[in-house]
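1. When you get a sec, could you give me coordinates for this:
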Amino acid sequence: MKNKIVELLDAQIENMDAEEINSLLEIPPKSEMGDFAFPCFKLAKVFRKAPPMIALDLKEKIGCPDFLNKVECLGGYLNFFVDKSMFARQIVENYLSDSNYGGSDEGQGKTICIDYSSPNVAKNFHVGHLRTTIIGNSLNKIFTKLGYHVERINHLGDWGTQFGKLIVAYKNWGSKKAVEEKGIEELMRIYVKFHEEAEKDDSLNDEARAWFTKMEHGDEEALSIWKWFREISLKEFMRVYELLGMEFDSFAGESFYNDKMQPVIEELKQKGLIKVSDGAQIVDLEEYNMPPCLITKKDGSSLYATRDIAAAMYRKKTYDFSKCIYVTGLEQKLHFAQWFKVIELMGYDWSKDLMHVPYGLVSLKGGKLSTRKGHVIYAEDILHESIQKTRSIIEEKNPNIPNKEEVAKQVGIGAIVFNDLYNQRIKDVIFDWEKLLNFDGETGPYVQYTYARAASVIRKIGDVPSVYDYSVLSDDVSMALLKEIARYPQVVSDAAEKMEPFVVSRYAVALAQAFNKFYHECQINVEDENIKYTRANIVIITKSILKDALSLLGIQCPEQM
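-> Residues are numbered from 1 along each chain as shown. The predicted structure is shown next:
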C-alpha cells in the first residue's frame with residue numbers, strides 16, 4: 001500500500017524522486033487522521049505555494065484509486081485512508097509468502113566479522129563484559145537474518161606482561177591444587193597478592209618481565225603454565241556463554257597474532273610510516289588531530305594497536321569481510337580511530353569497512369548485589385540471581401507451571417539481555433531488579449508473557465485452518481496490530497544499518513502492546529468460525545514475529561508462564 005501511494009505521488013511531483021517521497025511518508029499518530037500522511041512543507045519553495053494549497057492540488061490530481069477509501073487534506077499534510085480489507089490482505093499475504101519474514105538476502109555471499117565479548121584470561125568475567133557480549137550476539141543474529149555469513153570472533157585477552165606477573169605469583173604464593181580447585185578465583189587472588197608484594201619489592205616486576213620475555217621467546221615451562229591458565233579461564237567463560245545460549249566461531253586471542261606482528265612492522269617501515277620517538281616506534285597522526293599510534297615500546301615489545309592491525313589484516317585475508325565490527329566500550333574510541341587510520345595510511349581501501357561499535361557503562365541501582373567478594377559484580381552471579389528471583393516470582397504466581405526451571409532460566413536471562421538492549425547502546429545501563437523483572441512494563445518478561453499468552457490462545461482453539469476473512473480485520477485495533485506486523489522487515493533493516501539492537505527491542509514491546517489490545521478488545525474464541533479462525537491466524541502470525549524478534553536479541557520464548 002505504501003509503495004502504491006509513493007507511485008501516485010511520484011507521478012505528480014517532478015522535483016522529488018520516489019526514494020525521497022518514501023522517506024517522507026509518515027504514519028499519523030491517530031487512526032482518524034488516516035493510515036499514511038505526506039507532508040508538503042518541503043515542496044513550498046519549489047511550487048511557491050503554501051503547503052495546504054499544495055496538498056489540495058495533489059489531492060485533486062490523485063483522485064481516489066480503488067485501494068484507497070478517501071484522501072484528505074489536513075493542514076500541510078495529504079492524508080491517505082486505505083481500503084482496510086485490501087490492506088489487511090496485502091500484509092497477511094506478504095507474511096505468508098516469505099518463510100524468512102523480516103529478513104532478506106542483501107548479505108548473500110558477504111561475510112561480516114564481529115569481534116565481541118573478548119574477556120581477559122585469568123580475570124573474572126564481570127558484569128561489564130556482559131554489554132559487549134549481549135550487543136555483539138544480537139548484531140550477529142540481525143546480520144544473519146539479512147543473509148550475511150557472520151564470523152563470531154572472541155578475541156581473548158590472553159597475552160601480555162600480566163602473565164609474567166601471574167607466573168611469578170603462582171611460583172611464590174600459589175599451588176597446582178588451589179588453582180585446580182578454585183580456578184579464576186585463585187588466579188585473581190595470587191595476582192592481587194603479586195601487586196601488594198611488588199609495591200614493597202620492585203624486583204618482582206623485573207622477574208615478571210623476564211618471565212614474559214621467556215613466553216615471547218617460546219620457553220617451554222613459561223608457555224605450559226600460560227596455556228594451563230588460559231584453559232582454566234576458558235572453561236569458566238564457557239559457563240557464562242552456556243547460560244546466555246551463545247557460541248563463537250573463533251577464540252583466537254592476542255597470542256594468536258604473535259608471529260603475525262613483525263611482518264606488519266616491516267610493512268609500516270617499508271611504507272615510510274614508522275618514526276622513532278624516545279626509542280619507541282610510532283606512526284605520527286598529528287595532522288589527523290590524533291596522538292601518535294604506538295607500534296612498539298622502547299624494549300621492542302608490541303602493543304594493542306600492533307596486534308589489532310595484525311588481526312585485521314589476518315581477518316581480511318582469511319574471511320574477505322565486507323565489514324569487520326568491534327564491539328567495545330566508548331572509552332576505546334580513540335584507540336580504534338588511531339589504528340583504523342594507520343590501516344588507511346598503509347593504502348588499504350578496506351579500512352573504511354572497519355567499524356567501532358561503542359557502548360556505555362553498566363551501573364547498579366541500590367548498591368552492591370550479592371557477590372563473592374568486593375565491589376566487582378561477576379556476570380555469572382548476576383545471571384544466577386536473575387534466575388533465582390524469577391523462580392520466586394513463578395512460585396508465587398504460577399507454581400504448577402511445567403518446566404519451571406527452564407522457564408525461570410529463559411525469563412531470568414531474557415530480562416537481563418532485554419534490559420541491556422532496550423536503549424541505544426551508547427547510553428549507560430542501570431540494573432534495577434524491580435524494573436527489569438516487571439511483567440507489566442516495557443521489559444523482556446512483558447514481551448515473553450505476551451508470547452505465552454498468544455501460545456495459550458492457540459492451544460485452547462486447537463487446529464487452526466487457513467481461513468482469512470479480511471473484512472473481520474477492518475476495525476482500528478486489528479489494523480493497528482497489522483501495521484506493526486507490516487513494520488517488521490523495515491525494523492530489522494534499520495537495526496542492521498544503525499547497528500542498534502534497541503530498534504528491535506522497542507519494536508517487540510510495540511508489537512506486544514498492539515497484540516494485548518487486540519486480545520482484550522477483539523474476542524478470538526467465538527462461535528462464528530470466520531471470525532475465530534481469521535483472528536486466530538493473526539495470533540499465530542504475531543506469535544511467530546514476537547519469537548523471531550526476541551531471538552534477534554538472544555532471548556528465548558517460554559510457551560507457558
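2. count of residues packed around the nearest residue to Leu273 once chain neighbours are set aside?
-> Counting by CB to CB, 6 or more residues apart in numbering, Leu273 lies nearest to Val283, which is 5.0 Å off, once chain neighbours are set aside. (Each C-beta comes from the backbone N, C-alpha and C, glycine too.) Neighbours of Val283 under the rule other CB atoms under 10 Å: 22.
3. do the one 4 residues further on as well
-> Counted with other CB under 10 Å, residues neighbouring Glu287 total 6.
4. Which pLDDT value belongs to it?
-> Glu287 carries a pLDDT value of 96.
5. Same question for Ala310.
-> 97.
6. Could you verify my assumption that Gly444 touches Gly554?
-> No. Using CB atoms under 8 Å, Gly444 is not in contact with Gly554; the gap is 10.5 Å.
7. got any residues that touch both of these two?
-> With contacts taken as CB atoms under 8 Å, 6 or more residues apart in numbering, Gly444 and Gly554 have Val417 as neighbours in common.
8. quick one: which of those two has more around it?
-> For Gly444 versus Gly554, the count of surrounding residues by other CB under 10 Å is larger for Gly444: 31 against 24.
9. number of nearby residues for Gly462?
-> So Gly462, with other CB under 10 Å, has 7 neighbours.
10. tell me what whatever helix or strand Leu223 lives in is packed against?
-> Following DSSP states H and E, one finds Leu223 within helix 220-244. Packed against helix 220-244 by the contact rule (3 or more CB pairs under 8 Å, 6 or more residues apart in numbering; DSSP states H and E) you find helix 127-145, helix 161-173, helix 176-182, helix 184-200, helix 203-216, helix 379-397, helix 404-421.
11. tell me which residues of the fifth one are tucked away?
-> To tie it back to what came earlier, the one meant is helix 203-216. Leu204, Asn205, Glu207, Ala208, Arg209, Trp211, Phe212, Lys214, Met215, Glu216 (16 or more other CB atoms under 10 Å).
12. Please report the distance of the first one from Asn419.
-> This means Leu204. According to CB to CB, to the nearest Å, Leu204 stands 42 Å off from Asn419.
13. Does Pro358 belong to a helix, a strand or coil?
-> strand (DSSP: H, G, I helix; E, B strand; the rest coil).
14. My guess is it contacts Leu334. True?
-> No. Look at Pro358 against Leu334 with CB under 8 Å: they stay out of range, at 10.9 Å.
15. More neighbours: those two, which one.
-> Shown here are Pro358 and Leu334; by other CB under 10 Å, Pro358 has more neighbours (17 against 12).
16. Kindly provide the distance from the more buried one to Ala495.
-> 17 Å.
17. How about Gln338?
-> Where Ala495 is concerned, Gln338 sits at a distance of 28 Å (CB to CB).
18. Of the two, which one has the most company?
-> Taking neighbours as other CB under 10 Å, Gln338 and Ala495 compare with Ala495 leading, 27 against 19.
19. That one: which element?
-> helix 476-498.
20. What helices and strands are in contact with that helix?
-> helix 84-96, helix 127-145, helix 502-521, helix 529-553.
21. so how far is the second one from its chain's centroid?
-> Right, helix 127-145. 4 Å (CA atoms, centre = their mean, to the nearest Å).
22. Equivalent analysis for the shortest one, please.
-> Centroid displacement of helix 84-96 relative to its chain, using CA atoms, centre = their mean, is 30 Å.
23. and it, what other elements does it pack with?
-> Helix 84-96 packs on helix 476-498, helix 529-553, going by 3+ CB pairs under 8 Å, 6+ apart.
24. Return the angle between stretch directions for that helix and helix 529-553.
-> Per axes from the mean of the first three to the mean of the last three CA atoms, to 10 degrees, the angle that helix 84-96 makes with helix 529-553 is 50 degrees.
25. Quick one: mean pLDDT over helix 84-96.
-> 94.
26. after that helix comes which helix or strand?
-> strand 111-115.
27. The least confident helix or strand in the chain by mean pLDDT pairs with which strands, and in what direction?
-> Lowest on mean pLDDT, DSSP states H and E among the helices and strands of the chain sits strand 362-364, with a mean of 76. Here strand 362-364 has these sheet partners by DSSP bridges: strand 429-431 (parallel).
28. Report the outermost residue of this protein with respect to its centre.
-> What lies farthest from the middle of the chain is Glu60; by CA atoms, centre = their mean that is 46.3 Å.
29. Quick check, pLDDT for that residue.
-> Reported pLDDT for Glu60: 94.
30. Over to Gly374?
-> 44.
31. for Leu334, same thing?
-> 97.
32. so it makes contact with Pro291?
-> Yes. Assessed by CB under 8 Å, Leu334 is found in contact with Pro291 at 7.5 Å.
33. before we move on, the earlier item: what pairs with the residue nearest to Leu273 across the strands?
-> Ile274, Cys293.
34. Quick check: the gap between it and Gln108.
-> Val283 is 37 Å from Gln108, by CB to CB.
35. Over to His129?
-> The value you get for His129 to Gln108, if CB to CB is used, is 33 Å.
36. tell me the most buried of the helices and strands packed on helix 84-96?
-> helix 529-553 (a mean of 21; mean count of other CB atoms under 10 Å).
37. Poorly predicted segments of the protein, please.
-> Counting by pLDDT under 70, the ranges of the chain that qualify are 366-376.
38. May I see the buried residues of stretch 18-37?
-> Ile21, Leu24, Leu25, Met33, Gly34, Asp35, Phe36, Ala37.
39. isn't the second one right next to Pro39, touching?
-> Pointing back at Leu24 there. Yes. Applying CB under 8 Å, one finds Leu24 in contact with Pro39, separated by 6.0 Å.
40. With adjacent residues omitted, what lies nearest to Val71?
-> Per CB to CB, 6+ apart, closest to Val71 is Lys59, 5.2 Å.
41. Let me know the helix or strand that that neighbour is in.
-> Judged by DSSP H and E, Lys59 forms part of helix 51-62.
42. Which strands and helices lie in contact with that helix?
-> helix 2-12, strand 36-39, helix 44-47, strand 68-74, strand 77-82.
43. what's the distance between it and the middle of its chain?
-> Distance, centroid of helix 51-62 to centroid of chain: 43 Å (CA atoms, centre = their mean).
44. Check which residues of stretch 91-101 are buried.
-> Neighbour-count burial for stretch 91-101 [16+ other CB under 10 Å]: Ile91, Val92, Tyr95, Tyr101.
45. what's the distance between the first one and Arg131?
-> In other words, Ile91. Taken as CB to CB, the span from Ile91 to Arg131 is 36 Å.
46. again with the last one
-> The span separating Tyr101 from Arg131 equals 29 Å under the rule CB to CB.
47. Leaving out the residues flanking it, which one is nearest to Ser233?
-> Val121 (4.3 Å).
48. was I right about that neighbour contacting Lys235?
-> No. The criterion here is CB under 8 Å, and Val121 misses it with Lys235 at 11.1 Å.
49. okay, these two: which has more neighbours?
-> Val121 (26 against 11).
50. Now do the same contact list for the more buried one.
-> With CB under 8 Å, 6+ apart, Val121 has these contacts: Leu156, Gly157, Asp158, Phe163, Phe229, Arg230, Ser233, Leu234, Gly253.
51. Now for the residue nearest to the first one when sequence neighbours are not counted, how many residues are close by?
-> If the residues on either side of it in the chain are set aside, Leu156 comes closest to Gly253, at 3.0 Å by CB to CB, 6+ apart. If you count neighbours by other CB under 10 Å, Gly253 ends up with 22.
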